[in-house]
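1. Let me see the structure of the following:
(chains A and B)
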Amino acid sequence: MRKRTMGHRIGLAIASALTALFVVLPIYWMVSTSFKTDAGVSAPSPQWFPNPISGGSYTNAFVDNSFGRYILNSVVVAVAATIIVLALGTLAGYALGRLPMRGKFTTLMVLLMISVFPAIAVIAPLYLLMRELGWLNSYQALILPYAAFNLPFAIWILRNYFLGIPREMEEMGRIDGANPLRTLWSIILPMALPGLFTAGVFTFTACWTEFLMALSFNSSNDFRTIPVGIALFGSPHITPYGTLFAASTVAVIPIAVLVLVFRKSVVSGLTSGAVKG
Amino acid sequence: MSTDRAATPPSLTSRRTLPPETVRKKDVNRRRMARLGWYFSTPALLVVAAVTIFPVVFSLVMSFSNVQVLGSGFQLSGLTLGNFHTVFGSVKWRYALGFTVLYTVVTVTVEVVLGTMIALVLEHLRALRGWMMALLLIPWSLITVISAQLWNYIYDPTYGAADAIFSAVGLGHPVILGSNASAVIAMMVADIWKTTPFVAIIVLAGLVMLPGDVYEAAEVDGSNGWQTFWRITLPLLRPTIALAVLFRILQAFGLFDLPFVLTQGGPGYATTSLAVLGYQAMFTNLSFGPGAAVAVTTAALVVIGCILFLRVFRAQVNEGEES
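-> Next comes the predicted model:
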């Protein structure tokens, strides 16, 4: 390794501190604003620390407004889509990784192409389709497209994991007389668990943060997800930032916990080719 | 990709050495497994096709048709290039294209430079590295709409933190989101804040995987830190950086959430991206034909850009995949 002089150490400490500040300051600003009173939020000279500390914005967001409902909607949609993606993605990823199908390469390439498509290109026809089906303002209006848009990446990730599992493991299952589905479930899947975590965390995060489709298909108050609720809250001239940031702070917690718990999976997913971010 | 090819040879060689009877049995088995493969992948492929391929084709058709909006729905009639004619001739579209390209180039460049610098710093940390990585993941997982509202508050002309800082250093009270140039810059800052950590994580992961012995060799050669970076680290990092750049370009080209919430595309149409323009055309003005033309053109640009990029950087991206 290179030598670590005193100057080197100090430079490193300053650079790390600056990086941390760069990331943390805006988030601190959001969280601290959520604990200010209305007067504190709109004080002409900003309060760098909430004074007095107040939980009023939280009451406002979750008792007087429907942010609780929006969070519930987001959870339902994201969890359902993630389950579908993992179930269908595992089957397809296994097949495309391990079974001797023709046209595997083409299928994978088409899937990759689809995953880079901007959502704006499909939004109008999907809107019409949802309207025909009577699905506007419903959970399935988001669950189905979210599953579809996250499947290509999940299949890609899972396929890579399945490729790395030694072939002998499948032979073992075959000798035992287990059918292929059973072999996949009880022998292969446990070995691909890190891949499942990665695909799961990425799908969940993408669904949790998605805005364009949620805005277009589910804008009625009962079916808004968090991003839509936060974007459409208030009037064009007055944005109640205290309430917004109280809701935002609560919305950040589940995803932050998830990402921190699975941070190894997230990093491996990012480096193996994350198209979403 | 290369793994596909690698997977086939063993069965080919074994086929040659086996007696004919086993060959037939193996072939039957192989065909059965292939069929099973399609059974396994059909549900996923159907879901993807229903929600992506059908709408893409429909968008294409819509962009080449006269679309009439009726009370009960839409009517498509006749093949026409009119929508594209309208779009390409419009000042707003040309501006949105220029804005999206400029926005992409500036934010991606700054994010890659800054992200690489952060990654180089974090690489030297020991105990703290895990914590810093965790910290960097927070902005990545933050809902863009939330970060847009957050920056909206920071940029507020009466009680925003940015205003307090500007006036404290004697710059007066600029209305940050009120003039074209400053609104564009303000939006870029918000993007750079949220996405630089993403680039830093990718580059850091690439750095950690670099072989340590090349550094020792460089040290023996007596090159200093700066030379080592330019002559060894950077060339070795190229595949990682190329991949990060590709993802960022794809994302930035679909830019929607940030301008929609932060500026509504304004002032005027100064921060109207291609996606915002398409959305407004379709959902605000109900001109679905031109809206579809904007959407289709944007998608085509993304795909063409992607193919060109892969062609230029193919070697580097492949290298990155394999390592």
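
2. Grab the nearest non-local neighbour of A:Phe233.
-> A:Leu244 (5.9 Å; Cβ to Cβ, 6 or more residues apart in numbering or on different chains). From N, CA and C alone the C-beta is placed, and that goes for glycine too.

3. so who does the one you found touch?
-> A:Ala61, A:Ile230, A:Phe233, A:Gly234, B:Gln149 (Cβ atoms under 8 Å, 6 or more residues apart in numbering or on different chains).

4. Using ChimeraX, define a selection of the buried residues within the residues you listed.
-> In ChimeraX, the members of the contacts of A:Leu244 classed as buried (16 or more other Cβ atoms under 10 Å in any protein chain shown) are selected with the following command:
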select /A:61,230,233 /B:149
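
5. Next, the contact list for residue 67, please.
-> No chain was given, so I picked chain A. Taking Cβ under 8 Å, 6+ apart, one finds A:Ala61, A:Ile226, A:Gly229, A:Thr243, A:Ala246, A:Ala247, A:Val250 in contact with A:Phe67.

6. ah, I was thinking of chain B
-> B:Phe74, B:Gln75, B:Leu76, B:Ser287, B:Phe288, B:Gly289, B:Ala292.

7. Now do the first one, the pLDDT please.
-> Read it as B:Phe74. At B:Phe74, the predicted lDDT confidence score is 69.

8. Equivalent analysis for the fifth one, please.
-> What the model reports for B:Phe288 is a pLDDT of 84.

9. three-state assignment of the closest residue in space to it that isn't next to it in sequence?
-> Counting by Cβ to Cβ, 6+ apart, the nearest residue to B:Phe288 once its immediate chain neighbours are dropped is B:Val67, at 4.4 Å. Following DSSP: H, G, I helix; E, B strand; the rest coil, the label given to B:Val67 is strand.

10. swap in the one 10 residues further on?
-> Using three-state DSSP, the secondary structure recorded for B:Ser77 is strand.

11. how close does the nearest residue to it once chain neighbours are set aside get to B:Ile249?
-> Sequence neighbours aside, B:Asn66 is the residue nearest to B:Ser77 in space, at 5.0 Å (criterion: Cβ to Cβ, 6+ apart). Going from B:Asn66 to B:Ile249 by Cβ to Cβ, to the nearest Å gives 34 Å.

12. So those two - more neighbours on which side?
-> B:Ile249 (18 against 14; other Cβ atoms under 10 Å in any protein chain shown).

13. By mean pLDDT, flag the weakest helix or strand of chain A.
-> When each helix and strand of chain A is scored by mean pLDDT, DSSP states H and E, helix A:168-175 comes last, with a mean of 74.

14. and that helix, what does it pack onto?
-> Contact partners of helix A:168-175 among helices and strands, from 3 or more Cβ pairs under 8 Å, 6 or more residues apart in numbering or on different chains; DSSP states H and E: helix A:180-183.

15. Quick check: of the contacts of A:Leu244, which lies closest to A:Ile143?
-> A:Ile230 (20.5 Å; Cβ to Cβ).

16. check contacts around that closest one.
-> A:Tyr70, A:Leu244, A:Ala247, A:Ser248, A:Ala251, B:Ile143, B:Val145, B:Ile146, B:Gln149.

17. Okay, and the residue found closest to it once you drop the neighbours it is linked to in the chain sits in which element?
-> Spatially, and ignoring its direct neighbours in sequence, A:Ile230 is nearest to B:Val145 (5.1 Å; Cβ to Cβ, 6+ apart). Following DSSP states H and E, one finds B:Val145 within helix B:144-154.

18. B:Gly266 too?
-> Per DSSP H and E, there is no helix or strand for B:Gly266.

19. Show the contacting residues for it.
-> Here B:Gly266 is in contact with B:Leu177, B:Ala183, B:Thr272 (Cβ under 8 Å, 6+ apart).

20. now B:Ser77
-> B:Ser65, B:Asn66, B:Gln68.

21. related to what we said a few turns ago, let me have the contacts of A:Leu244 in JSON lines, adding secondary structure as columns.
-> Converted to JSON lines, the contacts of A:Leu244 look like this (three-state DSSP):
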{"residue": "A:Ala61", "secondary structure": "helix"}
{"residue": "A:Ile230", "secondary structure": "helix"}
{"residue": "A:Phe233", "secondary structure": "coil"}
{"residue": "A:Gly234", "secondary structure": "coil"}
{"residue": "B:Gln149", "secondary structure": "helix"}
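
22. give me the number of residues near A:Asn137?
-> Other residues close to A:Asn137 by other Cβ under 10 Å number 15.

23. any chance you could read off phi and psi for B:Val28?
-> With angles defined as degrees, to the nearest 10, B:Val28 sits at phi -60, psi -50.

24. ok, it to A:Gly177 distance?
-> From B:Val28 to A:Gly177 the distance is 18 Å (Cβ to Cβ).

25. now swap in A:Asn160 and tell me
-> Taken as Cβ to Cβ, the span from A:Asn160 to A:Gly177 is 29 Å.

26. and what of B:Ser167?
-> Counting by Cβ to Cβ, the gap from B:Ser167 to A:Gly177 is 78 Å.

27. Which of those two has more residues huddled nearby?
-> Shown here are B:Ser167 and A:Gly177; by other Cβ under 10 Å, B:Ser167 has more neighbours (13 against 7).

28. tell me the contacts of that one?
-> Counted by Cβ under 8 Å, 6+ apart, B:Ser167 has contacts B:His173.

29. Kindly report the same for B:Ala127.
-> Contacts of B:Ala127 by Cβ under 8 Å, 6+ apart: none found.

30. show me what contacts A:Phe217?
-> A:Leu126, A:Tyr127, A:Met130, A:Trp135, A:Leu136, A:Asn137, A:Ala141, A:Leu142, A:Pro145.

31. Burial check on A:Leu18, number of neighbours?
-> 12.

32. oh, I was asking about A:Tyr127
-> Residues near A:Tyr127, counting by other Cβ under 10 Å: 19.

33. What of A:Ser54?
-> By other Cβ under 10 Å, neighbour count at A:Ser54 equals 18.

34. Then A:Asn51?
-> With other Cβ under 10 Å as criterion, A:Asn51 counts 12.

35. Let me see the backbone angles for it.
-> When read as degrees, to the nearest 10, the backbone of A:Asn51 gives phi -150, psi 110.

36. so it makes contact with A:Gly40?
-> Yes. A:Asn51 lies in contact with A:Gly40 (Cβ atoms under 8 Å); the separation is 6.6 Å.

37. Show me the strands in the stretch 101-250 of chain A, by range?
-> In the stretch 101-250 of chain A, no strands are defined using DSSP state E, counting those that start in this stretch.

38. how is the chain carved up into domains?
-> Because you didn't say which chain, this covers chain A. A:6-57, A:65-271 (automatic domain parsing).

39. wait, I meant chain B there
-> Split by automatic domain parsing, chain B gives B:2-63, B:85-322.

40. got the contact list for A:Phe149?
-> Contacts of A:Phe149 by Cβ under 8 Å, 6+ apart are A:Ser115, A:Ala119, A:Ala206, B:Val51, B:Thr52.

41. what comes up buried for the stretch of helix or strand A:Gly68 belongs to?
-> Following DSSP H and E, one finds A:Gly68 within helix A:67-98. Within helix A:67-98, the residues that count as buried by 16+ other Cβ under 10 Å are A:67, A:70-71, A:73-75, A:77-78, A:80-82, A:84-86, A:88-98.
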